[in-house]
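> only geometry, no sequence info:
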């Protein structure tokens, strides 16, 4: 049984920072990638960032490049998303995902998802 549990969301003013965490349990995905997606009300789920668990290679959406940093802790089996210089348009439910064999921005190619954590940025 794969479990992904996000935490760290909340309400923050524009320009502020938050750090999201995604704790994993169950099956080991050391050969896979892990990623963050987000979904704002009335919009489709979109790719934010992803990391290769073994090699540590990363990818970011253009909208967050330079502001967000993805990382992982192999000992804690936890992935993080440090979000700085937050903007109102970053407001969304943020989901972590895993099980993809390569970094892809297409949600349907990721088989395992967390329940999501709300991030609200006030302007």
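Structure received. Source: prediction; values computed, not measured.

> got the contact list for the closest residue to residue 114 other than its chain neighbours?
Nearest non-adjacent residue to residue 114, counting by CB to CB, 6 or more residues apart in numbering: residue 4, 3.6 Å away. Every C-beta, even on glycine, is put in place using the N, C-alpha and C of the backbone. Residues in contact with residue 4 (CB atoms under 8 Å, 6 or more residues apart in numbering) are 22-24, 96-98, 112-115.

> Buried ones among these?
By neighbour count, with 16 or more other CB atoms under 10 Å, those hold 22-24, 96-98, 112-114 as buried.

> Can you show me the strands along this structure?
Along the chain, counting by DSSP state E, strands occupy 3-7, 10-13, 18-25, 33-39, 46-52, 58-60, 68-73, 78-83, 92-100, 112-113, 117-122.

> So which of the ones you listed is nearest residue 106?
Residue 106 lies closest to strand 46-52 among the strands of the chain, at 7.8 Å (CB to CB).

> Quickly run through the sheet partners of that closest one, with directions.
Here strand 46-52 is paired, per DSSP bridges, with strand 33-39 (antiparallel), strand 58-60 (antiparallel).

> Just tell me which of those strands ends up closest to residue 102.
Nearest to residue 102, of all those, is strand 33-39, at 6.5 Å by CB to CB.

> contacting residues around that closest one?
20, 22, 24, 45-53, 70, 72, 79, 81, 90, 92-98, 100-103, 107, 110, 116, 119.

> before we move on, what about stretch 70-84?
With CB under 8 Å, 6+ apart as the test, stretch 70-84 has contacts from 17-25, 30, 34, 36, 48-51, 53, 56, 58, 60, 64, 67-69, 90, 94, 96, 119.

> Save the buried ones among the contacts of residue 4 as CSV, and put in distance to residue 9 and pLDDT too.
As requested, the buried ones among the contacts of residue 4 are exported to CSV (distance: CB to CB, whole Å; pLDDT from 0 to 100):
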residue, distance to residue 9, pLDDT
22, 11, 96
23, 14, 94
24, 17, 91
96, 11, 97
97, 16, 96
98, 18, 93
112, 19, 93
113, 15, 96
114, 11, 97
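
> Redo these as CSV? Include distance to residue 8.
Converted to CSV, the buried ones among the contacts of residue 4 look like this (distance: CB to CB, whole Å):
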residue, distance to residue 8
22, 9
23, 11
24, 15
96, 11
97, 16
98, 17
112, 19
113, 17
114, 12
